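*Asks:* Here's my sequence, what's the structure:
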Amino acid sequence: MDGYVSRLKGNNPAASQAVADNFGPGKYDYGSIFSGLVKPFGLRDNDAVDALTAYLVLGYMIVNDVRDDQTVTPALVRGVRTQFGPLLAQNAKLTAAGVAGQVGEELKLQTVIVQGGWQSAIREGALPAYRQGIGAQFKAKWGLDFAALTLTGKGFAPK
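*Replies:* I've put the predicted structure just below:
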């Protein structure tokens, strides 16, 4: 948590403070929230690949305005896990002791933050702007244009 908040502070001090205020010691337990989000899809809460999978699927759901959890099945989620799991396994930086765990924890936290933002955007009538912002974020950081992709049993595929 401290490392994530510290890195975020350099780019976005307000967001850094909001994360610390909401998820710091004695605040919301992002691990429990994450566990509740991923359990129905057969993902584990202590696996970096599962955390990446959850984060990517959530981004896809937001950008494509998929609000019905029944639309995204465990089989579709497994397809994304199968598609992206090897990328983490082949990343030499992640093989260092503790690095995969740290990455997994940060992905869990980011998933919870993005999901909370999505729910707030729905409540506040700000969903179009939020969807656009999340879409831009995934394009910039991950090179994924979720608006041009569909979710299949083999992961993401062009529409």
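
*Asks:* which helix in the protein runs the most residues?
*Replies:* What stands out as the longest helix in the chain, according to DSSP state H, is helix 99-124.

*Asks:* Just the mean pLDDT for it, thanks.
*Replies:* Helix 99-124 shows a mean pLDDT of 89.

*Asks:* packing partners for it?
*Replies:* Judged by 3 or more CB pairs under 8 Å, 6 or more residues apart in numbering; DSSP states H and E, helix 99-124 is in contact with helix 2-11, helix 13-23, helix 30-38, helix 48-63, helix 127-142. For glycine as for every other residue, the C-beta is placed from the backbone atoms N, C-alpha and C.

*Asks:* okay, which residue is most central for this protein?
*Replies:* Tyr55 (2.0 Å; CA atoms, centre = their mean).

*Asks:* how about that one, what does it touch?
*Replies:* Counting by CB atoms under 8 Å, 6 or more residues apart in numbering, Tyr55 touches 107, 110-111, 114.

*Asks:* just for this protein, where's the confidence low?
*Replies:* Residues of the chain that meet the criterion pLDDT under 70 lie in 1-9, 11-26, 95-97.

*Asks:* Tell me the gap between stretch 59-68 and the middle of its chain.
*Replies:* A distance of 12 Å separates the centroid of the chain from that of stretch 59-68, by CA atoms, centre = their mean, to the nearest Å.

*Asks:* Which residue is the nearest non-sequential neighbour of Lys39?
*Replies:* Using CB to CB, 6 or more residues apart in numbering and skipping the chain neighbours, the partner closest in space to Lys39 is Asp45 (7.6 Å).

*Asks:* Now do the contacts for the closest residue to Lys154 other than its chain neighbours.
*Replies:* Distance criterion CB to CB, 6+ apart; nearest residue to Lys154, sequence neighbours excluded, is Gly79 at 4.9 Å. When contacts are counted by CB under 8 Å, 6+ apart, Gly79 touches 151-155.

*Asks:* Just want the phi and psi numbers for Gly79.
*Replies:* Torsion angles at Gly79 (phi, psi; degrees, to the nearest 10) stand at phi -60, psi -40.

*Asks:* Can you tell me how far it is from Gly153?
*Replies:* 5 Å (CB to CB, to the nearest Å).

*Asks:* Show me how far the longest helix of the chain is from its chain's centre.
*Replies:* Using CA atoms, centre = their mean, the offset of helix 99-124 from its chain centre is 5 Å.

*Asks:* Show me which parts of it are buried, residue by residue.
*Replies:* Residues 100, 103-115, 118, 121 are the ones in helix 99-124 that count as buried (16 or more other CB atoms under 10 Å).
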